[in-house]
Structures are given as structure tokens and as C-alpha cells.
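*Asks:* Okay, sequence plus prediction incoming.
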Protein chains: 2
Amino acid sequence: MGLWGKRDDMIVHQADPYNAEPPRGALADRMLTPVEAFYGRNHGPIPVIDPDAWRLRVGGAVAQPAELSLADLKSGYPAQTLTATLQCAGNRRAGLIEVRDIPGEAPWGPGATSTAEWTGVSLARVLAGAGVRPGAGHVAFAGPDVAPDADPPQPFGGSIPLAKALAGEVTLAWAMNGQPLPAMHGAPLRVVVPGYIGARSVKWVEQITVQDTPSGNYFQARVYRLLPADADPRSGGPGVGLSLGAVAVSADILRPDGRSVLPAGPTEVTGYAFAGDDRGIARVDVSADGGHRWRQAELDGEAVPWAWRHWRTIIDLPVGETQITARAWDTTAALQPESAEHVWNPKGYVNNSWARLRVTAR
Amino acid sequence: MGLWGKRDDMIVHQADPYNAEPPRGALADRMLTPVEAFYGRNHGPIPVIDPDAWRLRVGGAVAQPAELSLADLKSGYPAQTLTATLQCAGNRRAGLIEVRDIPGEAPWGPGATSTAEWTGVSLARVLAGAGVRPGAGHVAFAGPDVAPDADPPQPFGGSIPLAKALAGEVTLAWAMNGQPLPAMHGAPLRVVVPGYIGARSVKWVEQITVQDTPSGNYFQARVYRLLPADADPRSGGPGVGLSLGAVAVSADILRPDGRSVLPAGPTEVTGYAFAGDDRGIARVDVSADGGHRWRQAELDGEAVPWAWRHWRTIIDLPVGETQITARAWDTTAALQPESAEHVWNPKGYVNNSWARLRVTAR
């Protein structure tokens, strides 16, 4: 399994840098995604870092800049464990590519979404220890993984608003599902920003900077931005389009997976739904007739803050082809937009349109 | 102008209790809605309260229950002034009624949304003064206005999560746009819950109760809930449907208003867009061909937290009938759902589907 364990059936969009998602079924039914099935999204090579030599520098607009070892973090702050879903901004891009091609971007399915239990320390406590100076507005993270596709080449980085950084749930994590964090997922330490696009959960974090403005890093300033449909995908930069942060409500179908012919008759349909910020999933509807009639799916278990919600229902599958449609509502009554055509954008982000899966039965 | 000033051209859905909204044009262009144009939504008669005799009782799970006069509030806490948009959960219900009738509910247009500058004290400070006991989760408000249509008849009330109540922006307001609050809008004191449905901004508030559970008041427990399309509208109660709180992204067109024939040619289209929680409006698109091609509208001024955003663009109006469509995206890239049919629900809440206005030019 090399430096990081992974399933043999991962859907690998790119080998180097490694970008892969699990098949739909690997995400079904269980709250926590096994580490070996957790999606990997990288812009550069996976760095392998000596945890003893590694230090986290905390600087910028703070009273007491610090350089912290892993031992300093573990002894200096109480550990916190929290379940959080991470979702790549490109999750479900394949549905946008069906509308119109998006050159140079990987055709992610619904598997660029995974959930783990993260253990580490609260970023808020580390910042309190450093003493944030009044007037600061953002907290920037940077790793060591130089991305060759950045312009100019630079380590991956990004930032979040200070209010989010101080909210307590943002975690500097050294463990994932009770195991030491693998190199693939950011060892020795990664940021986990619950409810935000995965890109803000910077892996192998080495530098935390409190500052006035959002990060000027290529991946914050230029890449992860929602552009209008008619914009040049090479455009970007502060003020161009929408800098992605908190995640809008989305959902997809996990079982069946559309890859084999099913027996006609009553069939269980399951999936996930996820809403960012501090929103929850209020309802999931499923249709077997293209959206004319809907039935409410059952939501599994109890709502867990910052985590997806699995859902399930039974539909009666006729012989032939059926399009299963699913749509989620968040706790503010926000409904997913209907059509991938409506949300199409030149870089292929945030396809949170209704989930549609074609299945065949006989 | 009687007890409260109001425009002569208000669209009165019901005279008693008074329920009325301004015409579209009255909301156009300006951040603050004049008091006389601000929508009125009432479930009972407007109480006229002697401000000298009035007291606010703060109780429930607090260390020090209090009974506060207006003078106590004004001298005990620093005043805060904040611009906030209020939006009725039934705003734009008329668009749902076009899909399918909703008996007994008023056909609100887009005017059940208005914005004022509110002056008062922060609820968070008043609660800090009373000392919230650990373990509480909700803050309930009640007024004196007995609603005859409640079952059983009871004063209007509702609650918000404690975290929202402590967030600072929730205001106990005695002034509106720099003027003393009129009786119509809740004098001597009303709650203003920025980013939440208007029903939580309880007018003529007399009782604030810190408690474990959401308010059991008829209007919280049974009325303002989003039910699935096939539910009985008389159903309700805790656990049935979605208890409405933070507002999902919405928008509508204010000018032209579709009431007169326009000259063909370049025509300015303006409107508002609003997103609840702490979300902002990121973009508004306008189409003059039913949603095939979109142009981005200009957003007026700077974003103001908790307030709507006005927008404008020019379209070239051909001779004949044109359907103007507008749709907004919030700062998490959430897009309004396309169709009123998709969001139709038996009580007619949260029609946040795309705005559509038919205009005729010659």
C-alpha cells in the first residue's frame, strides 16, 4: 500500500500529482470513510516529512509569534476530536462536463467527498495563545508542497476569515479515524476547516499567518473561484468571480451505482447529502419519474454537526431504464438548483445540481 | 395616517389583522425602506402600549430574572444601530399560488421584504446581564398580541437558537430609521433577528425566556414550517417539516413592475437580492430570453451585513412580450432553484425560485 493505504478500486484521475476518488459504494451507509477510501486531491507531490524536525510557525498579526513542534501542540492545548466531511470544490464536475467540456480539469464524480473523525487541537486555542492583534481579518495557511502548475510555482496555500478561524471547530489534526494521519492526508499536521471547500483544509501545514487580507496564494487568489459561464477560465485574481468558502447544499446517489443491470422490483436507493457552514440537511426527496413525483427519503441516524447525512428509500424499479433523481434541502429551506446547465462554470466548480443516475433493470 | 403612517398605495392583503406590502417600485434603489412603505405582517390586532407602564421580563434559565423598563434598557446597555432586512416567510407566495392554489393564505408579492436601520440594545448584552445558565439552547420571545387564528388563541411568539441570540446582531429595537418605532412595527420594543424569517422578529416583545427547547408557541411549533408538497397543510408541530429560521437566497425584480406598457429599447431593470445567515449576495444574473443567455447585473454600493443588495442592468426590450428572469447566487455559491413548481409547499413558504416578470413593450 506504499506511503498511504488505498483501495485497489480507487478511480484515479491523475497519478502524479495523485488525484483519486473512491467508487460510490465505498461511501455508502457509513458515517466515517475508511482512510484507504478517502479521496485524495493534490496539486503537487506528496511530501514526506520528518515529524521530529517539523515545526509549525504561527506569525503575522499576533503578539507572540511561535514555532511549535508536534509535542508542543499536544502538550500545550487540549486535544479535540470532531467528525467532519471534506468536499472538493470540483466534486461532481463530471455532471458539468456532460453539459459542456471543461478542458484540463479532472472529471470528478461524487466521490470527492469523504468524512473522517479528526483529532488535533483547535486553531482558535493556538491563535489565542499567540494573541491575535486587533484589526486582522484572515488566517492564511501554507504547506511545503510546491505545485508545478501554479503560476509562479509555489506551495499550496489558502485562507479563511478570522471569525471562522476563531469559531472553535477548525482543527489542526494529527490523527484521522483514530490512526496517525497518513502522509497522503497531510502528516504530520493538517488543517481541517469544517463546512468549507476542501482546498482550505491545507495539508502538511507549516505556516499559519494572521493577516488583513485573504491569502494571495495562487490557489486562493486565482484558482478556487466561481466564474460566470461566459468568463475566460484563465481569468482570476481577487475580485474576479466568487472566492469559494462555505459549501452550498448538495447530494448524490451512492447505491445503486449505475454500473450493472439490476433486477426489477423494490430497490433500495441510498446516498449522501451535505451542507456547509453550520447548516444541516433537513430533507432529501427522491424521484423515479424525472422529478414529477417525489418521495421523502429517510435520513440515517442523528444529525452530526459538520458531517454529511446518509439517506435511503425504496423505489419500485420497472423493467428498462429509469432515471433516479435526488435533491436535498438544507435547514434554511435552501434547495439544490435543478440543472447542471444552470450551474455550469468555466472551471467546473460547485456542481450542486440535483443528483441524477440512470439505471437499467430487467 | 392613524396610528402608523403608511403609503396610500400599499397592497393590503387583509385589513384586520393588518397585512400589507408596498408596490415593487417603493422598494427600488434605496437601501432603507421608508417606514410608511415597510411591509406589515400581523396575526392579531396592533396593540397600543403605554411605554411608561410597559416592562420587559427576562426569565427562564437565567441566574437573575429581570423586569426592565425602557429607561432601564436605555441606561443599562450601550445602544447599537444596525441595518437589517426583514423578510416574511410568505414573501413571493403569489408565485406558488400560480402553480397551485394555497387556500387561506395571502398572495404576497416580493414586497414582504423591507429594510430598516434599527436602534436598540444587543440581546446578547441583556442575556449576559441576566446570566444564561449552562445547558440552555433557545431563547423565546412573546408579545401581548393575542392571535384569534391560533389554536388555542395565544399571543404571537417564537424562538431562536441560543447561539444566534448571543451573536450580537440580534437587537431589541426602539427606533426604526432614526424615528421612534411606530405601534405598527412593535412599539415600544421589538426583536430584530437579522438573517432570519420575519416571524422571529417578535413585535411588542414583553417576555424573553431562556429555555432548553424551541418555543412551543403555536406560530413556532405549528405555523412557520416548510412541509413536503404532499403533506396536509393542517399538520404541523415539532418534528413535522422544517422549522424555518435562517433565510435562503432569494431575489426579485422591482423595476419595471409589469403594470404598464413600456417603450421598446434599452430599459433599466433593477431589483433586490437577499441571503440570510451571515451570507452575502455574490452575483445576480438577468436574462431576457427565458434563461438561455444571462448577463451579470451590477450590484449597488457596498455589501452591508444583514441587508439586501440592490442590483441593476440594462436590457434591450423588443416590441411585444418579454419575460425577464433574474437569479441570485450567495457567497457560498448557492443558486436559487429555478422553478416555483419545485419549491411549492402546502403553506406557501420560501418561494425563492428565480424571479420572473412579464413585460410588454411597443
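*Replies:* Happy to help now that I have it. Residues are numbered from 1 along each chain as shown, chains lettered A, B, ... in the order given.
*Asks:* what secondary structure does residue A:83 sit in?
*Replies:* strand (DSSP: H, G, I helix; E, B strand; the rest coil).
*Asks:* so who does residue A:264 touch?
*Replies:* For residue A:264, the contacting residues are A:317, A:318, A:319, A:361, A:362, taking CB atoms under 8 Å, 6 or more residues apart in numbering or on different chains as the criterion. Using the backbone N, CA and C atoms, a C-beta is placed for each residue, glycine as well.
*Asks:* and the helix or strand harbouring residue A:128, how far from the chain's centre?
*Replies:* Take DSSP states H and E as the rule and residue A:128 turns out to sit in helix A:123-130. Chain-centre distance of helix A:123-130: 24 Å, with CA atoms, centre = their mean, to the nearest Å.
*Asks:* what comes up buried for it?
*Replies:* Burial within helix A:123-130, assessed by neighbour count using 16 or more other CB atoms under 10 Å in any protein chain shown, is assigned to A:123, A:124, A:125, A:126, A:127, A:129, A:130.
*Asks:* Residue A:259: which element?
*Replies:* Of the helices and strands defined by DSSP H and E, none includes residue A:259.
*Asks:* ok, it to residue A:23 distance?
*Replies:* Spatial separation of residue A:259 from residue A:23 under the definition CB to CB, to the nearest Å is 8 Å.
*Asks:* Mind checking which of these two has more residues around it?
*Replies:* Neighbour totals were compared for residue A:259 and residue A:23, and residue A:23 leads with 18 against 9 (other CB atoms under 10 Å in any protein chain shown).
*Asks:* so the more buried one makes contact with residue A:8?
*Replies:* No: contact criterion CB atoms under 8 Å: residue A:23 and residue A:8 do not qualify, at 10.7 Å.
*Asks:* related to what we said a few turns ago, the contacts of residue A:264, buried ones only, as a ChimeraX selection?
*Replies:* Selection command for ChimeraX covering only the buried members of the contacts of residue A:264, criterion 16+ other CB under 10 Å:
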select /A:317,361
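*Asks:* Take the contacts of residue A:264 and lay them out in TSV including pLDDT.
*Replies:* Below are those laid out as TSV (pLDDT from 0 to 100):
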residue	pLDDT
A:317	96
A:318	96
A:319	97
A:361	97
A:362	95
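*Asks:* Determine the set of other helices and strands touching the helix or strand that the helix holding residue A:128 is followed by.
*Replies:* Elements were assigned by DSSP H and E; along the chain past helix A:123-130, the next helix or strand is strand A:138-147. Packing contacts for strand A:138-147, counted by 3 or more CB pairs under 8 Å, 6 or more residues apart in numbering or on different chains; DSSP states H and E, involve strand A:154-161, helix A:162-165, strand A:207-211.
*Asks:* deepest of those, which one?
*Replies:* strand A:154-161 (a mean of 24; mean count of other CB atoms under 10 Å in any protein chain shown).
*Asks:* Just name the closest of the buried residues of helix A:123-130 to residue B:34, please.
*Replies:* Residue B:34 has its nearest neighbour among the buried residues of helix A:123-130 in residue A:124, at 42.4 Å by CB to CB.
*Asks:* if we can go back for a sec, closest to residue A:335 among the contacts of residue A:264?
*Replies:* For the contacts of residue A:264, with residue A:335 as the reference and CB to CB as the criterion, the closest is residue A:317, at 25.4 Å.
*Asks:* still on that earlier bit, put together a markdown table for the helices and strands packed on strand A:138-147, with mean pLDDT on each row.
*Replies:* Conversion of the helices and strands packed on strand A:138-147 to a markdown table gives the following (pLDDT from 0 to 100):
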| stretch | mean pLDDT |
| --- | --- |
| strand A:154-161 | 97 |
| helix A:162-165 | 97 |
| strand A:207-211 | 98 |
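*Asks:* The helix or strand harbouring residue A:57: partners in the sheet, and parallel or antiparallel?
*Replies:* Element membership for residue A:57, per DSSP H and E: strand A:56-60. Note on strand A:56-60: by DSSP bridges, its sheet partners are strand A:66-68 (antiparallel), strand A:207-211 (parallel).
*Asks:* Stretch A:96-112 near chain B anywhere?
*Replies:* No: contact check for stretch A:96-112 against chain B, using CB under 8 Å from any CB of the partner chain: none in range, with a minimum separation of 12.9 Å.
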